[in-house]
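>>> could you work out the structure for the sequence below:
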Amino acid sequence: GLQIVKGGVDENEPDPTKHQVWRTGELTTSLPMVGTVTVDFWSAIKDFALDTTGTVTFYLRDYDGSSHVEIANGTVSDADWQGGVSDFVARSLSITSVSYTVSAGNELELKLIVGAASGDDMWFAYDTTGYPAVVKIP
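Coordinates of the predicted model:
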């Protein structure tokens with residue numbers, strides 16, 4: 001998995017070890033979003049550590065090739081992220097009350113950080129068919 005170091009601060013976190021950015025390609029048509037955007041993902045506390053808090057924040061952003069506009073954000077936190085499982089665990093985040101349109105030619109971006117409240121660094125399954133990450137747009 002992809003390791004993200006804990007201690008990310010916010011949507012502008014510059015340290016590449018403390019954030020990850022996932023983007024669509026350039027959109028060929030506008031993408032209206034009204035309602036709840038859901039992010040389904042697979043992750044784990046580093047080394048599958050049990051009884052450890054995990055905290056992940058996702059920032060949904062509009063990227064025009066040179067700058068970003070934050071659309072919305074949300075955080076998932078759990079005092080026992082692994083829930084007794086020594087493997088990647090499925091998690092879901094609902095970002096509510098989204099009302100925004102990404103223009104054609106721009107990209108929809110999802111930036112994630114692992115906050116300082118997390119008990120350790122975290123691993124994320126990405127670009128794998130066994131542990132798919134999915135963003136559901138209303």
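
>>> next, count neighbours for the closest residue in space to Thr28 that isn't next to it in sequence.
Nearest non-adjacent residue to Thr28, counting by CB to CB, 6 or more residues apart in numbering: Ala104, 6.2 Å away. For every residue, glycine as well, the C-beta is placed using N, CA and C. Other residues lying near Ala104 total 11 when counted by other CB atoms under 10 Å.

>>> check which helix or strand Ala104 maps to.
Using DSSP states H and E, Ala104 maps to neither a helix nor a strand.

>>> for it, give its distance to Ile71.
Separation of Ala104 from Ile71 (CB to CB, to the nearest Å): 16 Å.

>>> need the contact list for the residue nearest to Thr28.
The contact partners of Ala104, by CB atoms under 8 Å, 6 or more residues apart in numbering, come to Leu27, Thr28, Thr29, Ser30.

>>> then Val69?
So Val69 contacts Arg61, Asp62 (CB under 8 Å, 6+ apart).

>>> now with 6 Å?
Asp62 (CB atoms under 6 Å, 6 or more residues apart in numbering).

>>> check which helix or strand it maps to.
Using DSSP H and E, Val69 falls in strand 68-78.

>>> each with direction, which strands does that strand pair with?
Within its sheet, and counting by DSSP bridges, strand 68-78 is paired with strand 54-63 (antiparallel).

>>> distance from the chain centre to the partner strand, please.
5 Å (CA atoms, centre = their mean, to the nearest Å).

>>> what about the residue nearest to Thr28, distance to Ala72?
Taken as CB to CB, the span from Ala104 to Ala72 is 20 Å.

>>> how many other residues sit next to the closest residue in space to Trp123 that isn't next to it in sequence?
Nearest residue to Trp123, sequence neighbours excluded (CB to CB, 6+ apart): Gly1, at 3.5 Å. Residues near Gly1, counting by other CB under 10 Å, number 15.

>>> spit out the contact partners of Gly1.
Trp123, Phe124, Ala125.

>>> which residue in those has the weakest pLDDT?
Lowest pLDDT of these: Ala125, 92.

>>> helix, strand or coil: sort out Gln82 for me.
In three-state terms, and counting by DSSP: H, G, I helix; E, B strand; the rest coil, Gln82 is coil.
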